[in-house]
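Participant: can't give you the sequence, but here's the structure:
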């Protein structure tokens, strides 16, 4: 999913006119072909759909089954306090109280500290202002992108992370969060006017002095 979203974003940002349309069509064909040729992908997709449709009948924890319970419970938490949320670090105890009210035992009563959705997590903890601030941050990244191949790559990575964050909380997870911060700084940094010339001049002066 992340690769498909990133590739589509690169096509939308870097190409124009017929080339953009052709790239998107080619990407669609390649994805459809890969899906049709991969029994494993088909099995995983069918399993996920089955878990979503039969969540009320599941007898044990599954990837999509537990996510459905988490998302429903998190939605209840947000509806109770949509504006201010529960504060930083407040999701886990609030979720534990909510889940104890709804489920007394079984896999649905499993406590979690992460709703596996970055946007729901921010809304639940930081409230509506926190969620809006995060969305404005993402918008600023989109507007920041330099008109270069590095800029297109950087924004494609950000959009891919945004897509996968519908099912996980990549922006706050330790490993992914550090990687995101690093890539944003590298790929979306704009060149300051005259900086390259200044660095070259300093290097030349240092070489002359050393000689």
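Facilitator: Received the coordinates, thanks. Computed from a prediction, not measured in an experiment: that's the story for all the values here.
Participant: For residue 113, pull up the helix or strand it's in.
Facilitator: Assigned by DSSP states H and E, residue 113 falls within no helix or strand.
Participant: how much space is there between it and residue 99?
Facilitator: Applying C-beta to C-beta, to the nearest Å, the value for residue 113 to residue 99 is 12 Å. Where C-beta positions appear, they are placed from N, C-alpha and C, glycine not excepted.
Participant: Settle it for me: which of the two has more neighbours?
Facilitator: Neighbour totals were compared for residue 113 and residue 99, and residue 99 leads with 20 against 12 (other C-beta atoms under 10 Å).
Participant: dump the residue contacts of that one.
Facilitator: 73, 108, 109, 110, 111 (C-beta atoms under 8 Å, 6 or more residues apart in numbering).
Participant: the helices in this structure, which residues?
Facilitator: Here the chain has its helices, by DSSP state H, at 2-14, 17-37, 39-53, 63-80, 91-102, 118-144, 149-164, 174-187, 195-210.
Participant: quick one: low-confidence ranges for this structure?
Facilitator: Applying pLDDT under 70 to the chain flags residues 1, 56, 174, 191-211.
Participant: hmm, try it at 50
Facilitator: Filtered on pLDDT under 50, the chain yields the residue ranges 199.
Participant: Need the winner for burial among the helices of the chain.
Facilitator: helix 149-164 (a mean of 20; mean count of other C-beta atoms under 10 Å).
Participant: which secondary structure elements does that helix contact?
Facilitator: helix 2-14, helix 118-144, helix 174-187 (3 or more C-beta pairs under 8 Å, 6 or more residues apart in numbering; DSSP states H and E).
Participant: How far off centre is the last one?
Facilitator: Translated: helix 174-187. 12 Å (C-alpha atoms, centre = their mean, to the nearest Å).
Participant: circling back: of the helices and strands packed on helix 149-164, which is nearest residue 53?
Facilitator: helix 118-144 (21.7 Å; C-beta to C-beta).
Participant: Check which helices and strands the closest one sits against.
Facilitator: helix 63-80, helix 91-102, helix 149-164.
Participant: how about these in CSV, adding distance to residue 25?
Facilitator: Listed next are those as CSV, based on distance: least, C-beta to C-beta, whole Å:
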stretch, distance to residue 25
helix 63-80, 30
helix 91-102, 42
helix 149-164, 18
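Participant: And residue 152, how far from residue 175?
Facilitator: Distance from residue 152 to residue 175, by C-beta to C-beta: 24 Å.
Participant: can you check residue 162 too?
Facilitator: Taken as C-beta to C-beta, the span from residue 162 to residue 175 is 17 Å.
Participant: How about residue 161?
Facilitator: Residue 161 is 12 Å from residue 175, by C-beta to C-beta.
Participant: cool, and residue 90?
Facilitator: 24 Å.
Participant: Likewise for residue 102?
Facilitator: 32 Å.
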